[in-house]
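[1] Give me coordinates for this.
(chains A and B)
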Amino acid sequence: HLGRVDFAFSLLGQHLKLGIPLKVIHFNILINGLIQNDRLDHAKVLLDKIVKLGFQPNIWTYTSLINGLSNADKLGEAVALLKKTEELGLRPDVVTYNAIIKGQCRVGDFEGARRLFREMQGNNNCRPDVTTYSTLISGLCKVGLFSHAHELFSEMKGQGILPDAIAYNTLIRATCMSGDWGKVTDLVAEMVESNIPIKVDTYGTLVDMYSKHGMLDQARDIIRFMIERGVTPDIITFTALLDGYCSCGRMGEASKLMELMAEKGCEPNVVSFNSLIKGYCKAQDPDGALSVFQKMVDEGPTPDVITFNSLVDGLCKNNRFSVALQFMNSMEAHGLTPN
RNA sequence: AUACCGUGUGAUCUC
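    Okay, here's the model as predicted:
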């Protein structure tokens, strides 16, 4: 998780040298670490090696790999590996299927997702669970199929599966995107009735959705409300509102919010600063955007590709083409490549 | 017996 996979490998080597017995879960952790660090090919090689060493990979091992393939949009390979686990006599479980379904939804393969979903329904070993439904609902929401999302949510409840906070958050987002604010209120009430505590991620969803609809007073009120209720807004929640102000070029309110964040001990991150750059450009104050950039270089957070994209885009929209080009050309000096 | 490894939700660019 710290990106120190090589160190993890050397620890494993020391265990081997000392004759400490290793189990498959130790390899599972390594394989998963490689995948989290975008080294899918190394993970595949490691799997082959551990088989040759005489270890028996279990379904967790394969599910890690399948998840990595799925996240890399290699869904054909992921499904092939799923079939292979069955041939090996392993039982893919609900986690295995959910990992693939998420990828299929992301690339828009709802046919494939539906096929696996049906397969799960016919298999006692891996019935769809609340995660399966949330994955599908989120996928449908991302392509704007809100009514399908609602239907699936009802279907889930009909199956006797109790929605958890994440399932509600997912559906709340879908409901906000269709602009049905009354229904949003109902869903939050339903969470309360079901004894599901409303936490920072639910509030954050509401703040973001109100902000994206230009309902900035409502978004601000949600933040006030959560503070009253003793829930501390996090950087994601604050930045959602900040971006609302920036998207409208309301930089006075954006600055006030930055002050409130400082007061609450919430450090703005690169996302917050990128949003400010966009905002100053939107407010036709490219010099303001340049000062934000300069502050990032001097004091952090370190600019990323999106910082430059926002700045270049914003400068162009203010007819500052040659400065925009200079910034684009300076990316390499900051260790970045234009995308 | 318990605990440790794999899946789902919220923020920034490309109008």
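[2] What average pLDDT does the one helix or strand A:Phe9 maps to get?
    In this assignment (DSSP states H and E), A:Phe9 forms part of helix A:5-17. Per-residue pLDDT over helix A:5-17 has a mean of 83.
[3] Nearest residue to the closest residue to RNA strand B within the stretch 201-339 of chain A in space, please, no chain neighbours.
    Ranking the residues of the stretch 201-339 of chain A by distance to RNA strand B (CB to the nearest atom of the strand) places A:Gly204 first, at 2.4 Å. To be clear about C-beta, it is placed using only N, CA and C from the backbone, and glycine gets the same treatment. Spatial nearest neighbour of A:Gly204, chain neighbours left out: A:Thr237 (4.1 Å); criterion: CB to CB, 6 or more residues apart in numbering.
[4] Give the full set of residues in contact with the residue nearest to A:Leu16 when sequence neighbours are not counted.
    Closest residue in space to A:Leu16, ignoring its immediate chain neighbours: A:Leu22 at 6.9 Å, by CB to CB, 6+ apart. Contacts for A:Leu22 (CB atoms under 8 Å, 6 or more residues apart in numbering) come out as A:12, A:15-16, A:55.
[5] In PyMOL, how would I select the buried members of those residues?
    Provided next is the PyMOL selection string for whichever of the contacts of A:Leu22 are buried by 16 or more other CB atoms under 10 Å:
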select buried, chain A and resi 12+55
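[6] ok, back up a step: would you mark the buried spots in the helix holding A:Phe9?
    Buried residues in helix A:5-17, counted by 16+ other CB under 10 Å: A:5, A:8, A:12.
[7] Say whether RNA strand B is contacted by the stretch of helix or strand A:Thr85 belongs to.
    Assessed by DSSP H and E, A:Thr85 sits inside helix A:75-87. No. With CB under 7 Å from any atom of the strand as the criterion, RNA strand B is not reached by helix A:75-87; the gap is at least 9.3 Å.
[8] closest to A:Ala78 among the buried residues of helix A:5-17?
    A:Val5 (21.8 Å; CB to CB).
[9] in terms of contact, does that closest one touch A:Ile35 like I think?
    No. The pair A:Val5 and A:Ile35 does not pass the contact test of CB atoms under 8 Å, sitting 9.9 Å apart.
[10] Give me the distance between A:Asn309 and A:His334.
    To A:His334, A:Asn309 is 13 Å away according to CB to CB, to the nearest Å.
[11] I'd like the contacts of A:Leu22 written out as a markdown table, with distance to RNA strand B added.
    As requested, the contacts of A:Leu22 are exported to a markdown table (distance: CB to the nearest atom of the strand, whole Å):
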| residue | distance to RNA strand B |
| --- | --- |
| A:Leu12 | 14 |
| A:His15 | 14 |
| A:Leu16 | 18 |
| A:Phe55 | 12 |
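[12] Out of the helices and strands in chain A, which is least certain?
    helix A:5-17 (a mean of 83; mean pLDDT, DSSP states H and E).
[13] Beyond the helix holding A:Thr85, next helix or strand please.
    Per DSSP H and E, the helix or strand that comes after helix A:75-87 is helix A:94-106.
[14] would you put the C-alpha positions of that following helix in PDB?
    Taking C-alpha atoms only, helix A:94-106 is exported to PDB below (Å, rounded to 0.1, in the frame of the first residue of the first chain):
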ATOM      1  CA  VAL A  94     -19.500 -13.400  -5.200                       C
ATOM      2  CA  VAL A  95     -16.400 -11.300  -4.900                       C
ATOM      3  CA  THR A  96     -14.900 -12.800  -8.100                       C
ATOM      4  CA  TYR A  97     -18.100 -12.100 -10.000                       C
ATOM      5  CA  ASN A  98     -18.500  -8.600  -8.600                       C
ATOM      6  CA  ALA A  99     -15.000  -7.700  -9.700                       C
ATOM      7  CA  ILE A 100     -15.700  -8.600 -13.300                       C
ATOM      8  CA  ILE A 101     -19.100  -7.000 -13.300                       C
ATOM      9  CA  LYS A 102     -17.600  -3.700 -12.200                       C
ATOM     10  CA  GLY A 103     -15.300  -3.700 -15.200                       C
ATOM     11  CA  GLN A 104     -18.000  -4.700 -17.600                       C
ATOM     12  CA  CYS A 105     -20.200  -1.800 -16.400                       C
ATOM     13  CA  ARG A 106     -17.200   0.600 -16.700                       C
END
